[in-house]
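**Q** would you be able to build a 3D model of this:
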Amino acid sequence: MKKDINFETYQSPFTWRYGSDKMRSIFSEINKRKTWRRVWVALARAQAKAGLLTKQELSDIEKNANKINIKRSLEIEKEIYHDVMAEIKTFAESAKVGGGKIHLGATSTDIDDNAEIVRIKEALGIIETKLENLIKNFAKKIEKYQATVCMGYTHLQPAEPTTVGLRFALYTQDLFEELIMLSQFKRQIKSKGMKGAVGTSASYEKLLEGTKINAASLSEQVMKELGLSEVIVSGQTYPRKTDYILVSTLASIAQTLHKFCFDFRILQSPNFGEWSEARSSKRVGSSAMPFKKNPDKAEKVCSLARFISTFPQVAWNNAANSLLERTLDDSAARRIFIPEAFLATDEMIITTNELIESLTVHEDSIKRNLEKFGLFAGTESLMMEAVKNGADRQRFHEKIREISMLAWEKINEGEINPLINLLKNDKIVTKFVEKGKIAQLLEPAHHIGLAQIYCQKLLTEIKKELKI
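**A** Take a look at the predicted model:
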């Protein structure tokens, strides 16, 4: 925990509890202002090439670019109620030679929007790397448990056997698709460029009259220095649809992590008892109940995912309600949801990675649940065997249904699943199926279909893409 946090005033949980320091640094106020100044320096350099700044003016701007004074900037902002203009004035106070040329021809979003895309790309890089690592750890679980048979559930009711590896593959496949989606977005994301107040570049064209470059080439030079691509057309801002795609992508990752952690919570509950979070010897589950082993890390992920799920609606409204060339009612919300979407996603991936690396799979509990419920899944094979031997399918189906319901009653009374014995003792069943074959036909391990093959196919694709 950072020592310089002032706990005497409100702090967001993202200030210190959720997310990594590296992600916090990207969205820090100092880094935002440093990135603004990177844009101003890039603009000044391009304009110097056009002869609009002297070498001395440019050198002065470059030399003072990292002299951030937030206190002074906020004092000015309090007077003029404009954060970008306050930072320009603060910058100019230290750059006394070139300060008068800072922001020449620009509008605020030429600086803020391009700086925001710089920060978004850096943050996407962090998420991309951590998501790759998470997928690799999921892949290890698929590899290890691809043949471990477990009970599958639909409607939270016992259905047919599957494998633990195939269950892990469900989450991994979604995360893999989201990694591809995120990586493509990161490569394709475009900024505004230097296009001025309404996207026409009119101010730059006027400034550059009589020089060897035009507004389009000036913008190109600035974007090249910042490592950005620009949209062909903009209003005053980069298209706010970009924010919608961004947070929708992060919300999609959150959705998959939520499903994994929600399933984890179910499987950790004593009635299943198949998975559990690793716990240190001193970890406390409840202040009132010392025996508790709550899945609180998985619950945290679900909570943060629920939070992120609301952001696409906000971003949608920002894009839909950005009237004509621009309105400012997107600004306050963007200051909140862009950094918090990244920090929440960052925290969720970090926590899920901890969960998957240290996850305990209780194979004895898996076996117990299979013995309790898995036999029912083999009744279709039993029916097909009977029909091959001359049974009427519909009548035999009803007979198995009656016996299965009786077996369920015994299970509900706390008895071991009596299905095999009930079938062996039924004259109609044994008329068409040999007694010695019944247990073999009901064996859960014989009813996992192509589970291992599907695991291997997904692993092959992941290993090829991630080079593992």
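**Q** mind checking the end-to-end distance for stretch 99-119?
**A** Using Cα to Cα, to the nearest Å, the span of stretch 99-119 from its first residue to its last is 25 Å.
**Q** not counting its neighbours along the chain, what's nearest V41?
**A** A65 (5.2 Å; Cβ to Cβ, 6 or more residues apart in numbering). Every C-beta, even on glycine, is put in place using the N, C-alpha and C of the backbone.
**Q** name the SS class of the one you found, please.
**A** Secondary structure state of A65, per DSSP: H, G, I helix; E, B strand; the rest coil, is coil.
**Q** OK, contacts around it?
**A** K34, R37, R38, W40, V41, F91 (Cβ atoms under 8 Å, 6 or more residues apart in numbering).
**Q** which of those residues are buried?
**A** R37, R38, W40, V41, F91 (16 or more other Cβ atoms under 10 Å).
**Q** let me know the closest of those to K136.
**A** Using Cβ to Cβ, the shortest approach to K136 within the buried ones among the contacts of A65 belongs to R38, at 33.5 Å.
**Q** which phi and psi does the closest one have?
**A** Main-chain torsions, R38, degrees, to the nearest 10: phi -60, psi -40.
**Q** same list, the buried ones among the contacts of A65, but as CSV with distance to K212, pLDDT and secondary structure please.
**A** Listed next are the buried ones among the contacts of A65 as CSV, based on distance: Cβ to Cβ, whole Å; pLDDT from 0 to 100; DSSP: H, G, I helix; E, B strand; the rest coil:
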residue, distance to K212, pLDDT, secondary structure
R37, 26, 97, helix
R38, 25, 97, helix
W40, 22, 98, helix
V41, 21, 98, helix
F91, 27, 96, helix
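**Q** reformat these as JSON lines; add distance to Q146.
**A** Shown next, in JSON lines, are those (distance: Cβ to Cβ, whole Å):
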{"residue": "R37", "distance to Q146": "53"}
{"residue": "R38", "distance to Q146": "48"}
{"residue": "W40", "distance to Q146": "55"}
{"residue": "V41", "distance to Q146": "54"}
{"residue": "F91", "distance to Q146": "59"}
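**Q** grab the nearest non-local neighbour of the most centrally placed residue in the chain.
**A** Centrality entry for the chain: nearest residue to the mean C-alpha point is I253, 2.9 Å, by Cα atoms, centre = their mean. Nearest residue to I253 in three dimensions, chain neighbours excluded: E178, at 4.9 Å (Cβ to Cβ, 6+ apart).
**Q** domain map for the chain?
**A** Domain ranges of the chain: 122-148+161-196+238-359, 368-447, per automatic domain parsing.
**Q** mind putting those domains in CSV, distance to G210 included?
**A** Below are these laid out as CSV (distance: least, Cβ to Cβ, whole Å):
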stretch, distance to G210
domain 122-148+161-196+238-359, 19
domain 368-447, 81
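**Q** can you pull the contacts of the residue nearest to the centre of the chain?
**A** I127, L131, L175, E178, L182, T345, M348, I349.
**Q** what strand or helix carries the second one?
**A** Secondary structure from DSSP states H and E places L131 in helix 108-145.
**Q** let me know the average pLDDT across that helix.
**A** Per-region confidence: helix 108-145 scores 97 on mean pLDDT.
**Q** just checking, what packs against whatever helix or strand comes next after that helix?
**A** Using DSSP H and E, the helix or strand that follows helix 108-145 towards the C-terminus is strand 149-154. Where contact means 3 or more Cβ pairs under 8 Å, 6 or more residues apart in numbering; DSSP states H and E, strand 149-154 is packed against strand 157-163, helix 164-188, helix 363-373.
**Q** this completes my enquiry, with thanks.
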